[in-house]
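Asker: A predicted structure for the sequence below; I have some questions about it.
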Amino acid sequence: MRHLTKIAAVVGVSALLVAGCSSKPGNSSSGNGSFNACMVLDTGGVDDHSFNQSSWAGMKAAEAANSNVNPSYVSSNSQSDYTPNLKAETSKGCNTIIAVGGLMYKAVASIAKANPKQHYAEIDNSNQGLKNVYGLQYNTAQGAFLGGYLAAAMSKTGVVATFGGLNIPPVTIYMDGFWEGVQYYNKTKHANVKVLGWDETKPQAGEFANSFTNLNVGRSISETFISQGADVIFPVAGGTGLGAGAAAVAAGGKVAVIWVDTDGCVSAAQYCKYFITSVTKNLTGSVKQYVDKAASGSFPTGNYIGTLANGGTGLAPFHQWNSKVPQDVKNELTTIKSDIISGKIQITSPHQPQ
């Protein structure tokens, strides 16, 4: 989320995540040909089942591909940790420092300006015009459009829902795409599926948990949606979104979830039977690609934007729902994806990276 990963890459490195938390803990030396790749995580921890976890998986994948890569991370317990964490990593002598999350944009800009010879990258924000910062952005409205269409097609009640962790662009871009996908379904199918929790034309009325870590709040929001008739929920809230899975369990199979950022059947496997699919964000692949190039001595410049066309966003496999999703819906999703890539379908979310 923040603040939308090749699924195979996540699977391939997931076994390394726990070991990675303690291995090579921020060695400042770049001797012996090692490339010190440092990461400042957002709140939620390295095992948040979402953007932190996927971003760190990209670091571990780069290490697996190149033994000279020496990855480390530092966690942020709150937003007030961003600046001190970035300063500490800069002082440590990292070859590059990757900030996870668009909320760090001010802290990244400040420290990058003060240290023009240090290389930085930031997930979910542009490089802000700074030559020593590489922006990693994702047009997840495209993937979420497919998710919204699918949710509308699979709903039996004609009511679907979404909620966010915080009202910030890396979150609301997902919600925009989801809402637009439902509207497209209604238009093409002459239907009237209702979306709870978000209306792109009335963003002030959106539903937000104000947390990326509070499962109980996520469950409470989801249960309220369910009481209002929703039978498909799209949480864009990191660990808080796991509350939607818990609510689906309590509903006894009457409610389904579309996960976000990672393939939920990999990152939150305990809820896999309730996940129709996931709207993915290629954090693992794009972070690995950045570190691969940087470690080779060729630091990427400018900005990366993940799209449906380059695999930066999309839908995960249907897993246990594969036989439940009608073939005609699968065919329609394939056509819609092609139409978004070609420009035939225009997504209007104001939060799309340029």
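Answerer: The structure has been received and is ready for your questions.

Asker: can you list the buried residues in the longest helix anywhere in the chain?
Answerer: The helix that spans the most residues within the chain, counting by DSSP state H, is helix 169-189. Residues of helix 169-189 classed as buried under the neighbour-count rule (16 or more other C-beta atoms under 10 Å) are 169-186. For the C-beta atoms, the positions are set from N, CA and C on the backbone; glycine is no exception.

Asker: and stretch 55-72, by the same measure?
Answerer: 55-63, 66, 69-72.

Asker: send the alpha carbons of that stretch over as CSV?
Answerer: Only the C-alpha atoms of stretch 55-72 are listed here, as CSV (Å, rounded to 0.1, in the frame of the first residue of the first chain):
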residue,chain,number,x,y,z
SER,A,55,9.7,-4.6,-0.1
TRP,A,56,12.1,-6.5,2.2
ALA,A,57,11.5,-9.6,0.2
GLY,A,58,12.9,-7.7,-2.8
MET,A,59,16.1,-7.0,-0.8
LYS,A,60,16.4,-10.6,0.1
ALA,A,61,15.8,-11.7,-3.5
ALA,A,62,18.6,-9.3,-4.6
GLU,A,63,20.9,-10.9,-2.0
ALA,A,64,20.0,-14.4,-3.3
ALA,A,65,20.9,-13.4,-6.8
ASN,A,66,24.2,-11.6,-5.8
SER,A,67,26.1,-12.7,-2.7
ASN,A,68,27.8,-9.3,-2.6
VAL,A,69,24.5,-7.6,-1.7
ASN,A,70,24.4,-7.1,2.1
PRO,A,71,20.8,-6.1,3.0
SER,A,72,19.6,-4.7,6.3
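
Asker: return the distance of it from the chain's centre.
Answerer: How far stretch 55-72 lies from its chain's middle: 19 Å, per C-alpha atoms, centre = their mean, to the nearest Å.

Asker: pLDDT value on the residue lying closest to residue 214 once chain neighbours are set aside, please?
Answerer: Closest residue to residue 214 apart from its sequence neighbours, by C-beta to C-beta, 6 or more residues apart in numbering: residue 240 at 5.1 Å. Residue 240 is assigned a pLDDT of 96 by the prediction.

Asker: now residue 16
Answerer: Turning to residue 16, the model gives it a pLDDT of 34.

Asker: including pLDDT, could the buried residues of stretch 55-72 go into a markdown table?
Answerer: Shown next, in a markdown table, are the buried residues of stretch 55-72 (pLDDT from 0 to 100):
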| residue | pLDDT |
| --- | --- |
| 55 | 96 |
| 56 | 97 |
| 57 | 96 |
| 58 | 97 |
| 59 | 98 |
| 60 | 97 |
| 61 | 97 |
| 62 | 98 |
| 63 | 97 |
| 66 | 97 |
| 69 | 97 |
| 70 | 97 |
| 71 | 97 |
| 72 | 97 |
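
Asker: which of the residues you listed sit farthest apart?
Answerer: Across those, no pair lies farther apart than 55 and 66, at 17.6 Å, counting by C-beta to C-beta.

Asker: that older thread, helices and strands around the longest helix of the chain, which ones?
Answerer: helix 140-154, strand 159-164, strand 194-196, strand 232-236, strand 275-281 (3 or more C-beta pairs under 8 Å, 6 or more residues apart in numbering; DSSP states H and E).

Asker: give me the sheet partners of the last one and which way each runs.
Answerer: The one in question is strand 275-281. Sheet partners assigned to strand 275-281 using DSSP bridges are listed as strand 256-261 (parallel), strand 313-315 (antiparallel).

Asker: got the angle between the next helix or strand after that strand and strand 256-261?
Answerer: For strand 275-281, the succeeding helix or strand toward the C-terminus, using DSSP states H and E, is helix 283-295. Here helix 283-295 runs at an angle of 10 degrees relative to strand 256-261 (axes from the mean of the first three to the mean of the last three C-alpha atoms, to 10 degrees).

Asker: can you give me the buried ones in helix 283-295?
Answerer: 283-292, 294-295.

Asker: ditto for stretch 76-83
Answerer: Those would be 76, 81-83, for stretch 76-83 by 16+ other C-beta under 10 Å.

Asker: state the distance from residue 329 to residue 208.
Answerer: 30 Å (C-beta to C-beta, to the nearest Å).

Asker: higher neighbour count, the two?
Answerer: The neighbour comparison of residue 329 against residue 208 (other C-beta atoms under 10 Å) goes to residue 208, with 21 against 16.

Asker: pop out the phi and psi values for that one.
Answerer: Phi and psi for residue 208, reported as degrees, to the nearest 10, are phi -130, psi 140.

Asker: please apply the same query to residue 139.
Answerer: Torsion angles, degrees, to the nearest 10, at residue 139: phi -90, psi 70.

Asker: got the contact list for it?
Answerer: Counting by C-beta atoms under 8 Å, 6 or more residues apart in numbering, residue 139 touches 173, 305-308, 312-313, 352-353.

Asker: columns pLDDT on top of those residues, output as a markdown table?
Answerer: Shown next, in a markdown table, are the contacts of residue 139 (pLDDT from 0 to 100):
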| residue | pLDDT |
| --- | --- |
| 173 | 97 |
| 305 | 97 |
| 306 | 97 |
| 307 | 98 |
| 308 | 98 |
| 312 | 97 |
| 313 | 98 |
| 352 | 96 |
| 353 | 94 |
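
Asker: just the residues you listed: which are in helices?
Answerer: residue 173.

Asker: closest one of the contacts of residue 139 to residue 142?
Answerer: Looking across these and measuring by C-beta to C-beta, the closest to residue 142 is residue 308, at 4.6 Å.
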